[in-house]
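A.B. asks: what follows is a protein structure lacking sequence information:
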């Protein structure tokens, strides 16, 4: 087993309200700010309300999706009078807790999200690196029997568009089902626990614990599927089939129902057996995505411990 | 048993998209329009997309809540340059399928709504009159074992603010849980069935069936409860308690938990045992309503048949 050692973590950012109508993160961050919870042992913890304007109006965003603004290209684009609010805010956040890819960036950035899909608690990583993978494994073990899944998007750091790519390490915690603009106490508590476990893991890591390597199962993004549409008007002609609805991460076999049209016909899955996720996510209607499909893969992660100074 | 006879119904309006992000009604009405489903036997059926501007942007409303614009006072208020879009649209709808309180109004107006609350299929009536009550009873019987509840708001016709008050008879069909901006096939099918049963009832009524009177159980609105708030900032300090969440129409006893604060304290119910509904409805956050409370009452409805000409 490979053994990796890394310097201790000194700064972590917990971000919420990157999408202003995903209320779990909004209220967890506000509560951390209210309690002035900025130190855990030697670790500095910064709670960040990422998109305060969108939070104020309880919308996903005001001009453009903030969580698509963190590619290296966009972060270095010049600001003009016509720059959308969210891109300005992305550069502001990058200055505060980044800059992305630099030595000044926070050691870990955790971004809190909600989905209307029945995904439970899911850790989303743009690549599988050792530290976020170990935290995922820790959360998964400690939260059992609550299922915790991991998704890999397989993007380079530079191309990664999401806020969590601004930290030296980062991941998103995506929890559902919860409607946009609604706060559920059960989901609040679940995410609060995942945040507490993350901080607990860092404490243990910093104080010298060795975390054994091993295999983790990860859903690796393959492609997105749109709703069936009228070829002329472009309007949706079907909804997610009741047999697919709420069945994120359940293997979809060829012939399984995908959509039920408004006049009653079933559209079936063709091609490889794959795992659906983000099934019927509200915010993806405008992105023309009914659900994503993934392959389940096994990744081996190295044993990890802190590098003594 | 009292026996009432009424003239046959000749015109019914099925309205959806009164709130533009409640997608069940939007897609049912669009599908009826596409299928040019405007006659059922001798009955003229008009599918109406109530708030097309809000539907286009997938928001509840653009300027003001359309479903609060149908009081007699607002419907007769003069239109000026500063009149909100929804009030103009209310007067337009009133001209098209009303006018409210007049002989020209449609015989029945059914308005289709969604809620994020776990209310299942609920019929909401501003008053308990014979015809809507019989249709409720018919839907309830035919859809069993799916539970169907009825809510009475107890408003005069003139004070009633909702679109369904524009017809000579009217009710709303409220179905959840469904997030705003999301369409679930199971809920689409449930509401489609309730609409079909309504039209089937009218066919039977018009063709001379006698509908026996009897007792119906109705939840009668008592009061609304707001979230606990910080006295200075006015911000919410608690979410609906997990034991109340999803438990619409389950009797709330004194001492039962209502809210769980972000720091972990439970707020309990005080006062009479009452039935909660619209628990954690998304659109009511801005109205400062965490849930409504109702008394369960029994109403006796008369036997009903058509009046021969």
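C.D. replies: Now that the structure is in, tell me what you want to look at. Everything numeric in this text was worked out from a predicted model, so none of it was measured.

A.B. asks: up against chain B, what does the stretch 101-250 of chain A have?
C.D. replies: Neighbours of chain B within the stretch 101-250 of chain A, by Cβ under 8 Å from any Cβ of the partner chain: A:116, A:177, A:179-186, A:188-189, A:235-236, A:239-242, A:245. Quick note: C-beta positions are derived from backbone N, CA and C, even for glycine.

A.B. asks: name the helix or strand of chain A that has the lowest mean pLDDT.
C.D. replies: strand A:39-40 (a mean of 82; mean pLDDT, DSSP states H and E).

A.B. asks: which residues touch that one?
C.D. replies: With Cβ atoms under 8 Å, 6 or more residues apart in numbering or on different chains as the test, strand A:39-40 has contacts from A:45, A:199, A:202-203.

A.B. asks: so which of the residues you listed is the most crowded?
C.D. replies: Compared across those, residue A:202 has the highest neighbour count, 24 neighbours, by other Cβ atoms under 10 Å in any protein chain shown.

A.B. asks: now that residue, nearest residue through space, not along the chain?
C.D. replies: Nearest residue to residue A:202, sequence neighbours excluded (Cβ to Cβ, 6 or more residues apart in numbering or on different chains): residue A:9, at 5.2 Å.

A.B. asks: does that neighbour sit in a helix, a strand or a coil?
C.D. replies: Classification of residue A:9 using DSSP: H, G, I helix; E, B strand; the rest coil returns coil.

A.B. asks: what residues does it make contact with?
C.D. replies: Here residue A:9 is in contact with A:43, A:107-108, A:202, A:205-206 (Cβ under 8 Å, 6+ apart).

A.B. asks: could you redo the last one with a cut-off of 10 Å?
C.D. replies: Applying Cβ atoms under 10 Å, 6 or more residues apart in numbering or on different chains to residue A:9 gives the contacts A:42-44, A:106-108, A:131, A:168-169, A:201-203, A:205-206, A:306.

A.B. asks: residue A:296: neighbour count?
C.D. replies: A count of nearby residues for residue A:296, using other Cβ under 10 Å, gives 13.

A.B. asks: you'd agree it is up against residue A:250?
C.D. replies: No. If you go by Cβ atoms under 10 Å, residue A:296 and residue A:250 don't touch, sitting 11.4 Å apart.

A.B. asks: which residues do these two both contact?
C.D. replies: In terms of Cβ under 10 Å, 6+ apart, residue A:296 and residue A:250 are both contacted by the residues residue A:275.

A.B. asks: where does chain A dip in pLDDT?
C.D. replies: Under the criterion pLDDT under 70, the flagged ranges of chain A are A:309.

A.B. asks: and the spatially closest residue to residue A:213 that is not a sequence neighbour, how many residues sit next to it?
C.D. replies: Excluding its sequence neighbours, the residue lying closest to residue A:213 (Cβ to Cβ, 6+ apart) is residue A:303, at 4.1 Å. Residues near residue A:303, counting by other Cβ under 10 Å, number 16.

A.B. asks: ok, residue A:303 - contacts?
C.D. replies: Neighbouring residues of residue A:303 by Cβ under 10 Å, 6+ apart: A:1-5, A:130, A:134, A:210-214.

A.B. asks: coming back round to it: now, of the contacts of residue A:9, which are buried?
C.D. replies: A:43, A:106-108, A:131, A:168-169, A:201-202, A:205-206, A:306 (16 or more other Cβ atoms under 10 Å in any protein chain shown).

A.B. asks: mind checking which of those are in helices?
C.D. replies: Among those, the residues falling in helices (DSSP state H) are A:131, A:201-202, A:205-206.

A.B. asks: looks to me like residue A:33 is in a helix.
C.D. replies: Yes. Secondary structure of residue A:33 (three-state DSSP): part of a helix.

A.B. asks: what's the neighbour count on it?
C.D. replies: 15.

A.B. asks: is it true that it touches residue A:17?
C.D. replies: No. Checked against Cβ under 10 Å, the pair residue A:33 and residue A:17 is beyond contact range at 11.2 Å.

A.B. asks: direction included, what does the helix or strand hosting residue A:123 pair up with?
C.D. replies: Per DSSP states H and E: residue A:123 is located in strand A:120-125. Taking DSSP bridges as the criterion, strand A:120-125 sits next to strand A:148-152 (parallel), strand A:169-176 (antiparallel) in its sheet.

A.B. asks: could you dump those strands to TSV with distance to residue B:272?
C.D. replies: As requested, these are exported to TSV (distance: least, Cβ to Cβ, whole Å):
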stretch	distance to residue B:272
strand A:148-152	42
strand A:169-176	36
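
A.B. asks: most tightly surrounded among those strands?
C.D. replies: strand A:169-176 (a mean of 26; mean count of other Cβ atoms under 10 Å in any protein chain shown).

A.B. asks: how far out from the middle of the chain is that strand?
C.D. replies: Centroid separation for strand A:169-176 versus its chain: 3 Å, with Cα atoms, centre = their mean, to the nearest Å.

A.B. asks: before we move on, back to that, greatest separation within the buried ones among the contacts of residue A:9: which pair is it?
C.D. replies: Greatest spatial distance in the buried ones among the contacts of residue A:9: A:106 and A:306, 17.3 Å, computed using Cβ to Cβ.

A.B. asks: work out for me the element the residue in chain A positioned nearest to chain B sits within.
C.D. replies: Here the residue of chain A nearest chain B is residue A:179; by Cβ to the nearest Cβ that distance is 3.3 Å. Per DSSP H and E: residue A:179 is located in neither a helix nor a strand.

A.B. asks: contacts for stretch A:93-105?
C.D. replies: A:11-13, A:15, A:18, A:46, A:48, A:50-51, A:66, A:69-72, A:74-76, A:90-91, A:106, A:109, A:157-158, A:160, A:163, A:165-170.

A.B. asks: let's see it at 7 Å
C.D. replies: By Cβ atoms under 7 Å, 6 or more residues apart in numbering or on different chains, the surrounding residues in contact with stretch A:93-105 are A:13, A:46, A:48, A:50, A:70, A:72, A:75, A:106, A:109, A:157, A:163, A:165-168.

A.B. asks: now for those, which pair is the farthest apart?
C.D. replies: Farthest pair in the contacts of stretch A:93-105, by Cβ to Cβ: A:46 and A:72, 22.3 Å.

A.B. asks: so which residues of chain A form helices?
C.D. replies: Secondary structure of chain A, counting by DSSP H: helices at A:23-34, A:52-56, A:72-75, A:85-97, A:130-143, A:185-206.

A.B. asks: you'd agree residue A:211 is up against residue A:306?
C.D. replies: No. The pair residue A:211 / residue A:306 is not scored as a contact, 9.9 Å apart, by Cβ atoms under 7 Å.

A.B. asks: which residues do the two both contact?
C.D. replies: Joint contacts of residue A:211 and residue A:306 (Cβ under 7 Å, 6+ apart) are residue A:205.

A.B. asks: one step back: would you list the helices of chain A in TSV and tack on distance to residue A:123?
C.D. replies: Conversion of these to TSV gives the following (distance: least, Cβ to Cβ, whole Å):
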stretch	distance to residue A:123
helix A:23-34	14
helix A:52-56	23
helix A:72-75	23
helix A:85-97	19
helix A:130-143	5
helix A:185-206	8
